[in-house]
Each structure stands twice: as C-alpha cells, then as structure tokens.
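J.: got a sequence here, can you model it:
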Amino acid sequence: MRLNEIKQQFIETFGGDSADLRAFASPGRVNLIGEHVDYCGGPVFPAALTMKTTIVARKRSDNIIRLKATDLDIMVEADINDLEKYKGTLKWGDYQLGVALELQKAGYTIQGCDLLYDDTTPHGGGLSSSAAIEVSTALMFATFSNEINQKAGPVDMIEMALLSQKAEHNYIGVNCGIMDQFASAMGKADHAIFLNCATLDYELVPLTLGDCCLVLSNTNKKHSLGASKYNERRSECEAGLKALQTVLPNIQQLADVTVEEFESNKQVITDPIVQKRIKHVVYECARVHESVDALKKGDLKTFGLLMNASHDSLQYDYEVSCDELDLLAHEARKLPYVIGSRMTGAGFGGCTVSVVKTAHAQDFIKTLAPIYEEKIGYPASFYITEIGDGGKELL
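T.: Numbering: from 1, shown residues only. Just a heads-up that it's a prediction; the model follows:
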C-alpha cells in the first residue's frame, strides 16, 4: 500500500484531513549469517529490507492513544497515564504500547495520538516484523516528545533500538538479543551491518553481490518466539557458559570463546545437549567473521559455503530449524545457480535466505515452489529482496 493510500485510510478511520498527518517507517531485516548468537554477545551480519512498517500519525489533545492496522478490524484505545495495565490483555497492539511505556520510563513525554499501521514485512516470517513495529513506534513517539520539549537534533536511533528491545523483554516476555532492533534502526541501503552485539560497535559493509541477488523463501509456517523454545535455548547457553567459566575464568560471554578453546575444554559441559548448543554458538561466531572477510573480498563462493554450514549447525546442533526450512535450504543447494542457502531468523518456521544468480532468480522460484507445495501441502512465498534504509520519518 502506497503512503497516500495509507493516509486516505487513516482519514476514513479517524476523520479529519491530511494537513496534520505525519508518517514514519522502519524496516524488517534479513540476517545474512550469525543466528542465535546475538544474546551471547556475538557478532551478527544483518541487513535492513525494503519491507517495512509504516505509521501514519496525528497528534491528539488528550491522553489517549488509538491504534489501528490497515489489515485488521481491531481498534485499540489506551490511556498514556496507565500503559502498564494493558500488558498481556491485547490481541494486537502490545508491541506499540510496550515501546511507549519504555520511552516513558526513559523520560520521554508520550503524546496522545491516532496511529494507523501498515506492514509489508510478513508476520511470523522470521524477518523481524516485530522489530519494525517497535522501532517505527519508538521513532515516532521520540520525535513527538522532542517537539513537545523543544529538544533539537535528530532522534538517537541506537537508543530507540535499545528501548525497543527492553519493550520486547518486559512487555512481550521474549528475552531477545539486540540484532533485530538495531538492524531496523540503523540499516543503510545496499549495506549489511557487521555488529558486535556486546559493545554495539558496528561497521556498514557494502553488500556487493555482483551477478547474484538475495531470494527469501517463506515457509508460511507461522512461529511465535514466546511460544517457541527461544528462551529455553538462552537458558542452555547460560548453563554452558557457566561450565566453561570454570576452566576459562576470563570469558564474560560465549562469544569470547574461540573454536580452539571450545574444542580443548568442551568436556566440562557434561550435558551433551548443552554442549551441542555451545558448539553452534562458538562456530557460528567464527563463521560471521569469515563471512565478512569473504564478502569484502568479493568471495561469494566462500560465503555460500559458510551459509550452508550455518544452516546445518542450526538444524543439527542448535535444533531450531524445522522440516519446512530444511526442505527449502537443501533443495536450493541442489541448484547449480545457488551459491548458498540457510534459514534466517529465530527458526521453527519463517524464511530461508539464498544467494542466487540474478539471471536464474525466477527459475529458482519456479523450481522450488512446486517441490515445496507437493511435500509440505501448502505453498511457500518468495521475495527477491532489496536492501533498504533504517527507521526514518517520511517527508
């Protein structure tokens, strides 16, 4: 839906005219490699998509927030002076109110307003539609707060990412890492973000794919982080870290452990399941560094092999994949014009990301689509992706 169409739907929903409407947007993300390591302090390599959440907003003169989505009949109304009471009661709107509450705690003045949301990032697709909602909401409320308080200068987008992460922890109940919100806030067109999740040091790396492109394959199997084993994996990682710290006392997080240190000391992790989880994290962190080096050199072949290894690790060691993701990734690898393919996102559903020769991108879709539907019983969706900018006000 184009911006003028969203504005027209806003007017039909809330009344008035377009004179006092504002618009903000923030994207979903694809993680090229570095899965399930952000909450272990690891390096990740995401890129912002052009699929995004767009908010059309109008300030109100009272303390009420009204929320509506272009594709839902639900209208949520909340009092900005009592945002805590809505926690856990909403079918939709909790990401937005959670962000408003965290900004309020951080000293921002929350403005009453009418808000219409339009999402082009698939929900449940592993492309961080939740982060797109959170960061766009944070940017919008922070912008309004700065205007109320006559605070000059741009909104601090790294702070918006951190407050959005807090909202997911405290209001949604998912103990997520920082990668999704950071990529949504700080992305840049045609670049990926080499991010140290422990320090938030980052480098924008030009994403030069030459005669290749990225194709996302959506299983259309919905996943919910809150209902998945996401928090269980975090607990397993914490247990593994404690065990390794008995022989490696200087490590603060799993990302500090080298492959060599893990192999020399893995026997102290007596639970074989936990040992597999830690193996994934340690080796995945190494794969991120190798991937960034390869892409800087234009070595797509090496990057593709690292993508494949990442998926295998997520499938067999971290066990967050599923039959649908495995089918898409492994069938993609059989095609001679595919450089590499892996699941992206939290897993248990969602998407794979594949590096495909651009000239064969449509062939890729035509080949995989019938195989998937025949074996799984329902269709997958495919997107030839572009890499876009992070959160901003649309002028």
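J.: give me the number of residues near residue 16?
T.: 11 (other C-beta atoms under 10 Å). C-beta: built from backbone N, CA, C; applies to glycine.
J.: need the pLDDT of it.
T.: On the pLDDT scale, residue 16 is placed at 96.
J.: contacts only, for it.
T.: With contact set as C-beta atoms under 8 Å, 6 or more residues apart in numbering, residue 16 has these partners: residue 58.
J.: look up the residues forming beta bridges with the closest residue in space to residue 392 that isn't next to it in sequence.
T.: Nearest residue to residue 392, sequence neighbours excluded (C-beta to C-beta, 6 or more residues apart in numbering): residue 25, at 6.6 Å. Here residue 25 sits in beta bridges with residue 54, residue 392, as judged by DSSP bridges.
J.: shift numbering so it begins at 26
T.: All set: I'll call the first residue 26, so the last point we hit is now residue 50.
J.: neighbours of residue 50, how many?
T.: Other residues lying near residue 50 total 24 when counted by other C-beta under 10 Å.
J.: okay, it and residue 379: tell me how far apart.
T.: 26 Å (C-beta to C-beta, to the nearest Å).
J.: give me the next element, helix or strand, following the lengthiest helix in the chain.
T.: Ranked by residue count and defined by DSSP state H, the top helix of the chain is helix 297-321. Using DSSP states H and E, the helix or strand that directly follows helix 297-321 along the chain is helix 325-341.
J.: list the buried residues of that next one.
T.: 325, 327-340 (16 or more other C-beta atoms under 10 Å).
J.: again, but for stretch 385-396
T.: Here stretch 385-396 shows 385, 386, 389, 390, 392, 393 as buried, counting by 16+ other C-beta under 10 Å.
J.: give the contact list for the closest residue to the second one other than its chain neighbours.
T.: The shortest distance from residue 386 to any non-neighbouring residue, by C-beta to C-beta, 6+ apart, is to residue 409 (5.3 Å). Residue 409 makes contact with 238, 239, 240, 386, according to C-beta under 8 Å, 6+ apart.
J.: could you give the number of residues near the third one?
T.: Meaning residue 240. A total of 25 residues lie near residue 240 under the criterion other C-beta under 10 Å.
J.: per-residue pLDDT, residue 251?
T.: Model confidence at residue 251, given as pLDDT, is 45.
J.: brain fart, residue 202
T.: So, for residue 202, pLDDT stands at 86.
J.: confirm that it sits in a strand.
T.: No: assignment of residue 202 by DSSP: H, G, I helix; E, B strand; the rest coil gives coil, placing it outside any strand.
J.: where's the residue nearest to residue 386 relative to residue 382, distance?
T.: With C-beta to C-beta as the criterion, residue 409 and residue 382 are 12 Å apart.
J.: and residue 113, by the same measure?
T.: In this view, residue 113 and residue 382 are 48 Å apart by C-beta to C-beta.
J.: looking at the two, which is more packed in?
T.: Legend: neighbour count by other C-beta under 10 Å for residue 113 and residue 382, higher for residue 382 (19 against 9).
J.: isn't that one up against residue 237?
T.: Yes: Residue 382 lies in contact with residue 237 (C-beta atoms under 8 Å); the separation is 5.6 Å.
J.: contacting residues for the spatially closest residue to residue 393 that is not a sequence neighbour?
T.: Leaving aside its sequence neighbours, residue 393 sits nearest to residue 356 (C-beta to C-beta, 6+ apart; 5.8 Å). Shown in contact with residue 356 (C-beta under 8 Å, 6+ apart): 392, 393, 396, 397.
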